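[1] Model the structure of this input:
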Amino acid sequence: MTRLSAITLLKAMHVLRTSRLICRSARLPIANPSTQHRTYAIAKAPAKGSSSWSEVKRQGKASNKADTSPSVVSVSSGPSGTTIVVPKWEETSMTLGEWTPIKAKAENHGEVLQIPKTFKSAADIGAYPTHLAQANQTAFMVRQATLSVIDEVKKEATNTSQSRKFFVLDGPKGIGKSVTLLQTASHFINEGWIVIYVPQPSSYVNGTEPYEPIPNTDCFIQAPAAQKFLRQFLTMNEKNISSMKSSQGSSLRSLLEQGVKDISKAQDVLGQLLDSLAAINDRKPVLVAIDQVNAFWSKTAYCDAKSRPVLAHQLEIVRRFMQLLTQQKTMANSACLAATDRSDTSLLAPFFSHSLNISPTLGHSSPSPASHYRDLSQTSQRGTLLSPRLQPASYDPFASLSETHPQSGSLLKIDVPAYDAYEMACVLKYYTESGRLRNGMG
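    Numbering: from 1, shown residues only. Next up, the predicted model:
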């Protein structure tokens, strides 16, 4: 074998291995190279005088001056000659636009955009999913799943009935639940909403935060965790709460600053913040966005004075947020959106997982829980069906704690899908043109 052919073979092996890794992360099947062929051809951009070019240029200027005007890439696949049109970012420096509300349109589906600087500033103090921060990931593709979630949140915020929805993003690990939640939270921050964003609640239960008992109760406070949340909330929502008053009539911003400066007041200030948002109706809409939500229904790494394990709802900061999700504390003009964590095996929550599995799925008709299990004999006070047959949910301690159960009929699961062919083509072109994939396709 000559040196040139050996290099060619190594290149081919690298491209195939990289393609398999990308397809695996997107949960897509690998195409057989012998039966499928793709060609990439760059179409000419419209003339500068045409209306289409002017429209693209005007949209880019409105969203971000650094945006580049996209040309078009045609992707042909298979013997039928199916054509997919995807955007192409022509500048090799890959200067990307920002993910702003003006970009939340179907026409921008497939574009890769940066999380806004106003939102990333909170990442410096921990308001960012850890696995994304460690990988320094701040640019994500606009997916149809995110656009659909945004629409559902807007509808729920205008819902005036007593029946409220608790949306939960679910799917296999690595499918994009945390990114979808992050993009949604960032979108509504920029739309002027008040956003309660909790990206890493596993830190509340995994033993990393100091805790101390509340006298004459079985609950515990985590003052440093509460202080950290208040700092994150104030950084992200500073503009959106500047003129708000607390339920006691004082400035909400001043109240939050007290909790940030004095750690001994942090837990009480957090409670007053949530009480104020629930009590005041003439305020901006509120989005409650919780990642790793199964942590709220898990056992913790803590023990009480008698060496008994502490459950998550015994931690005051968790209990406060859980009241919003279970609708023990309701907020007008608001929506609750959460995402599960399928990677951290320490966050097992059998009862919550069972409740989620038998809940309706957005966009799909789902049979009632009773049709799954004909012999269910127990019902909690909040309408959740229990049965000895449901292992391991039946011996989860949360199964008998009705105050921790989501309101009957409120859970609505949203399955985050894998990349479709169009999204896969978009992300491959982005990787290629950014220099991450050097396989000769660009």
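
[2] which residues of this structure score low on pLDDT?
    In the predicted model, the chain carries pLDDT under 70 at residues 1-94, 120-126, 363-394, 437-442.

[3] Where do the helices of it begin and end?
    With DSSP state H, the ranges of helices along the chain come out as 3-25, 51-63, 117-120, 130-134, 144-157, 177-190, 202-205, 223-237, 252-261, 266-279, 316-325, 350-357, 369-372, 421-433.

[4] Count the neighbours of Lys306 for me.
    5 (other CB atoms under 10 Å). All C-beta atoms are positioned from the backbone trio N, CA, C, and that covers glycine.

[5] Distance-wise, check Trp297 relative to Val416.
    According to CB to CB, to the nearest Å, Trp297 and Val416 sit 20 Å apart.

[6] More neighbours: which of these two?
    When Trp297 is set against Val416 and neighbours are counted by other CB under 10 Å, the residue ahead is Trp297, at 29 against 21.

[7] I figured the more buried one hits His354, correct?
    No: assessed by CB atoms under 8 Å, Trp297 is found out of contact with His354, at 10.3 Å.

[8] Now for the two: what residues contact both?
    Residues touching both Trp297 and His354 by CB atoms under 8 Å, 6 or more residues apart in numbering: none at all.

[9] Enumerate every residue touching the residue nearest to Asp304 when sequence neighbours are not counted.
    Distances taken as CB to CB, 6 or more residues apart in numbering put Val310 closest to Asp304, at 5.8 Å, once the chain neighbours are dropped. Shown in contact with Val310 (CB under 8 Å, 6+ apart): Phe220, Lys299, Thr300, Tyr302, Cys303, Asp304.

[10] at 7 Å instead, please
    Residues near Val310 by CB atoms under 7 Å, 6 or more residues apart in numbering: Phe220, Thr300, Tyr302, Cys303, Asp304.

[11] Show the buried residues in the residues you listed.
    Phe220, Thr300, Tyr302 (16 or more other CB atoms under 10 Å).

[12] what's the closest of these to Gln267?
    Taking CB to CB as the measure, Gln267 lies nearest Phe220 of these, at 10.1 Å.

[13] contacting residues for the residue lying closest to the closest one once chain neighbours are set aside?
    Distance criterion CB to CB, 6+ apart; nearest residue to Phe220, sequence neighbours excluded, is Tyr211 at 4.5 Å. By CB under 7 Å, 6+ apart, the contact set of Tyr211 is Phe220, Ile221, Gln222, Tyr302, Leu315.

[14] and those residues, which two are the farthest apart?
    The farthest-apart pair in these, when distances are taken by CB to CB, is Ile221 and Tyr302, at 11.9 Å.

[15] which one of the helices of the chain is the most hemmed in?
    helix 177-190 (a mean of 25; mean count of other CB atoms under 10 Å).

[16] Check which helices and strands it sits against.
    For helix 177-190, the elements it packs on are helix 144-157, strand 166-170, strand 194-198, strand 286-290, strand 334-339, judged by 3 or more CB pairs under 7 Å, 6 or more residues apart in numbering; DSSP states H and E.

[17] That one versus helix 144-157: what angle between them?
    50 degrees (axes from the mean of the first three to the mean of the last three CA atoms, to 10 degrees).

[18] if I look at His405, how far off is Phe166?
    Distance from His405 to Phe166, by CB to CB: 11 Å.

[19] re the thing from before, let's have the buried ones among the contacts of Val310 in TSV, adding distance to Ala185.
    Formatted as TSV, the buried ones among the contacts of Val310 follow (distance: CB to CB, whole Å):
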residue	distance to Ala185
Phe220	27
Thr300	25
Tyr302	28
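
[20] ok, the nearest residue to Asp275 once chain neighbours are set aside - contacts?
    Spatial nearest neighbour of Asp275, chain neighbours left out: Ser247 (5.7 Å); criterion: CB to CB, 6+ apart. Residues in contact with Ser247 (CB under 7 Å, 6+ apart) are Asp275, Ser276, Ala279, Ile280.
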